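> Mind looking at a prediction? Sequence and model below.
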Amino acid sequence: MTMNIAVIGCGAIGASVLELLKGHAAVQVGWVLVPEVTDAVRATLARHAPQARALPALTIEDRPDLIVECAGHTAIEEHVLPALRRGIPAVVASIGALSAPGMAEAVQAAAEAGGTQVQLLSGAIGGVDALAAARIGGLDEVVYTGRKPPLAWTGTPAEQRCDLASLKEAFCIFEGSAREAAQLYPKNANVAATLSLAGMGLDRTTVRLYADPAVDENVHHVAARGAFGSMELTMRGKPLEANPKTSALTVYSVVRAVLNQATAIAI
Ligand SMILES: NC(=O)C1=CN([C@@H]2O[C@H](COP(=O)(O)OP(=O)(O)OC[C@H]3O[C@@H](n4cnc5c(N)ncnc54)[C@H](O)[C@@H]3O)[C@@H](O)[C@H]2O)C=CC1
Ligand SMILES: O=C([O-])CC(=O)C(=O)O
């Protein structure tokens, strides 16, 4: 049976997800939710998902089997909560949205009210499975360091901390909790929120963010220790051409999650 999904967002991630799901036997994209149906959105749909309807929100008649959020923090309140309340399951990329006061509780309440589930994606990071398992035994420390080229921090508070264009060496633009990082850098610190929700929580996970002219990838480093032992992981994610803030692995993580819901064996 074909699963009929709604994709929220048609930017760098959304468009690539549509491209990868194009023609897939198990999944059809029936809806693409965007604030405005621009020429760029129409062109993307014409290329990759001509069967999909682009609209600003689902109507009560629209009932996808799954909604797939790859839009931004505001999409959680706008689209994910109402869908969950209607019993439509969701997969979510903008995990940092759960750092806003009351939002994690609101997501949980909406899923419980609808008798459904929301999956928080691993996105640009790996090792979330290990960290979430390690949490069961007890964690003592989780430290996340995110390092991106200066350009990836344009349009963020980093611009007030340094002159991104003239940086000659790595500059620490943020040090603090994952909660604060996710609030200040909603397009760059979703990974920090994911690791903290899997591990020690938004307030006890140490986060350092760097603008680093020496890297041309998005470098994510996690160090954790606890009853299980310790782990250390470095991801060097290639940025998407359409958005240097976002690593390509995020797209593959979205597609993996969708296919895992649509196929007999999930991995
Ligand atoms: N978990 C992870 O590892 C990562 C998560 N992300 C999340 O994914 C989001 C999207 O990333 P990109 O595609 O690179 O961004 P983008 O800026 O290229 O595209 C965002 C798209 O979503 C649309 N959009 C924004 N707000 C919306 C709303 N409330 N409802 C419907 N559509 C909306 C925009 O119009 C645009 O089409 C990021 O803002 C971030 O929250 C991004 C990178 C990694
Ligand atoms: O895509 C990435 O490298 C990570 C990212 O932007 C985020 O954590 O929000």
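Nice, I can see it. Ligands and ions are numbered 1, 2, ... in the order given.
> list the contacts for residue 131?
Residue 131 is in contact with 139, 142, 195, 198, 199, 222, 224, 231, counting by Cβ atoms under 8 Å, 6 or more residues apart in numbering. All C-beta spots, glycine's among them, are computed from the backbone N, C-alpha and C.
> Need the contact partners of the host helix or strand of residue 28.
Using DSSP states H and E, the element containing residue 28 is strand 27-33. Strand 27-33 is contacted by residues 2-10, 14, 18, 21, 41, 45, 49, 51-58, 62, 64, 71, 75, 79, 258-259, 262 when judged by Cβ under 8 Å, 6+ apart.
> Residue ranges in the chain under the pLDDT threshold?
Along the chain, the model assigns pLDDT under 70 to no residue.
> where along it do the helices fall?
Listed in chain order, the helices of the chain (DSSP state H) span 12-21, 39-48, 74-75, 81-85, 103-114, 128-137, 158-161, 178-184, 190-198, 248-262.
> who's in contact with the nearest residue to residue 173 once chain neighbours are set aside?
Leaving out its chain neighbours, the residue that sits closest to residue 173 by Cβ to Cβ, 6 or more residues apart in numbering is residue 158, at 4.0 Å. By Cβ under 8 Å, 6+ apart, the contact list for residue 158 reads 164, 173, 174, 185, 209, 211.
> what about residue 158, distance to residue 247?
Counting by Cβ to Cβ, to the nearest Å, the gap from residue 158 to residue 247 is 18 Å.
> Equivalent analysis for residue 181, please.
Distance, residue 181 to residue 247, using Cβ to Cβ: 16 Å.
> which of the contacts of strand 27-33 come close to ligand 1?
Counting by Cβ under 6 Å from any ligand atom, 8, 9, 10, 14, 71, 75, 79 from those sit close to ligand 1.
> Residues of the stretch 101-250 of the chain that sit close to ligand 2?
Residues of the stretch 101-250 of the chain lying close to ligand 2 (Cβ under 6 Å from any ligand atom) are 124, 187, 188, 189, 190, 191, 218, 237, 245, 246, 247, 250.
> Using JSON lines, please lay out these together with neighbour count and distance to ligand 1.
Formatted as JSON lines, those follow (neighbours: other Cβ atoms under 10 Å; distance: Cβ to the nearest ligand atom, whole Å):
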{"residue": "124", "neighbour count": "25", "distance to ligand 1": "4"}
{"residue": "187", "neighbour count": "16", "distance to ligand 1": "4"}
{"residue": "188", "neighbour count": "25", "distance to ligand 1": "8"}
{"residue": "189", "neighbour count": "26", "distance to ligand 1": "9"}
{"residue": "190", "neighbour count": "29", "distance to ligand 1": "4"}
{"residue": "191", "neighbour count": "28", "distance to ligand 1": "5"}
{"residue": "218", "neighbour count": "26", "distance to ligand 1": "9"}
{"residue": "237", "neighbour count": "20", "distance to ligand 1": "9"}
{"residue": "245", "neighbour count": "20", "distance to ligand 1": "6"}
{"residue": "246", "neighbour count": "25", "distance to ligand 1": "3"}
{"residue": "247", "neighbour count": "27", "distance to ligand 1": "6"}
{"residue": "250", "neighbour count": "26", "distance to ligand 1": "4"}
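> Okay then, goodbye and thanks.
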